[in-house]
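> model this:
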Amino acid sequence: MTDPTVSLEPSKWQELYVGQLSYSINLVLGMATAAIGFCISQMTKSDVDHQFNSLIKLPVFLLAISVLCGVLCTLVRLDIFRRRRKNPDFERHFLVAPLVFFQLITFLFGVLWVGLGIFFIS
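Residues are numbered from 1 along each chain as shown. You can find the predicted model right below:
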């Protein structure tokens, strides 16, 4: 029996790529937004010490940058789809890969910093 993924046409591979990239961007975007909400809820608690509040500001900034990159990446991809409708030969935009990479890196550093802050301070 042959592998069904080997016989896929390039248009099907592109459809899979678009779906997986969209899912990844949205997953990180949602998790970063939830992490920002968690950080802000921890900062507003009255029983949390001042050292934790000052430590948590950097990850909130990193997570906000991650959300911004996710939104920008989505807007760039929507522009690509709009341009491809007008011109089918339009190639990918050079901003998509760096924005996704920067979104993932800032998300990982932000969540890692929050985790370290909770582990060592609390």
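> most centrally placed residue in the chain?
Residue closest to the mean C-alpha point of the chain, counted by CA atoms, centre = their mean, is Val28 at 3.7 Å.
> flag the shaky bits of the chain, pLDDT-wise.
1-8, 10, 46, 48, 92, 122 (pLDDT under 70).
> change it to 80
By pLDDT under 80, the low-scoring segments of the chain are 1-14, 17-18, 45-54, 88-93, 118, 120-122.
> need the helices for it, in chain order.
For the chain, the helices defined by DSSP state H occupy 10-44, 50-86, 96-121.
> angle of the longest one against helix 10-44?
Using axes from the mean of the first three to the mean of the last three CA atoms, to 10 degrees, one finds that helix 50-86 and helix 10-44 are set 160 degrees apart in direction.
> for helix 50-86, what is the distance to the chain centroid?
7 Å (CA atoms, centre = their mean, to the nearest Å).
> which elements pack onto it?
On a contact count with 3 or more CB pairs under 8 Å, 6 or more residues apart in numbering; DSSP states H and E, helix 50-86 meets helix 10-44, helix 96-121. Every C-beta, even on glycine, is put in place using the N, C-alpha and C of the backbone.
> okay, buried residues for the last one please.
Yep, that's helix 96-121 we're talking about. Buried residues in helix 96-121, counted by 16 or more other CB atoms under 10 Å: 96, 99-100, 102-104, 106-107, 109-111, 113-114, 117.
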